[in-house]
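*Asks:* Any chance you can model this:
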Amino acid sequence: MLKRAAFAVILAGAALTSACAPIASFSGFQAIEANPRDVKPGEDSKATVRGRLGSPSAVSAFDPDVWIYMNQVKETVAFMRPVVTRRDITVIAFDKETEAVKTVDNLTLADGKVIAFNGRETPTRGRELTVMEQLIGSIGAGGLLPRDEEGVPGSRPGDRR
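*Replies:* Model prediction:
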């Protein structure tokens with residue numbers, strides 16, 4: 001009887017501690033065989049980087065010779081909100097003429113900055129129709145009657161749309 005009670009207590013303790021274990025979720029570029037941090041300026045080119053790392057997570061909007069590899073890890077404990085525990089961003093810039101790696105910048109979660117988001121909206125004035133105006137306004141727009149579209153530019157003979 002004492003063995004069963006001790007086993008039940010150990011089993012309940014294991015269940016309670018495992019329920020609070022964090023669940024990690026990975027997103028973005030996952031380095032399996034090669035790491036973006038291993039890219040060497042002057043030694044590697046676009047072809048070798050693409051062959052080793054694959055396509056980038058993003059390409060700069062202003063310069064197609066800047067590739068960005070990003071990944072992050074979020075941990076969730078029980079019912080709490082997910083918390084980003086690790087973020088790695090590697091920015092690789094290439095020379096335009098030779099396509100050789102010019103610079104490699106490695107950024108982490110500590111390099112990030114919190115930006116204040118402004119939630120205000122600019123109202124746009126448009127025409128707001130009442131329900132009755134919407135119902136009356138759609139009466140003549142329907143396609144209940146067949147239309148004769150022969151001779152209309154862009155229509156084919158015998159084509160009924």
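*Asks:* The residue nearest the centre of the chain - nearest residue in space that isn't next to it in sequence?
*Replies:* Against the mean C-alpha coordinate of the chain, by Cα atoms, centre = their mean, the closest residue is G28 at 8.1 Å. Spatial nearest neighbour of G28, excluding adjacent residues (Cβ to Cβ, 6 or more residues apart in numbering): N71 at 3.5 Å. The way it works is simple: take the backbone N, C-alpha and C, and place the C-beta from them, glycine included.
*Asks:* where does that neighbour sit relative to A34, distance-wise?
*Replies:* Computed with Cβ to Cβ, to the nearest Å, the distance linking N71 and A34 is 13 Å.
*Asks:* out of those two, which sits in the busier spot?
*Replies:* Counted by other Cβ atoms under 10 Å, N71 and A34 do not tie: N71 has more neighbours, with 17 against 13.
*Asks:* need the contact list for the more buried one.
*Replies:* Taking Cβ atoms under 8 Å, 6 or more residues apart in numbering, we find N71 in contact with F26, S27, G28, F29, Q30, A31, S57, R87, D88.
*Asks:* Looking at these, which are in strands?
*Replies:* Those of those mapping onto strands are F26, S27, G28, R87, D88, per DSSP state E.
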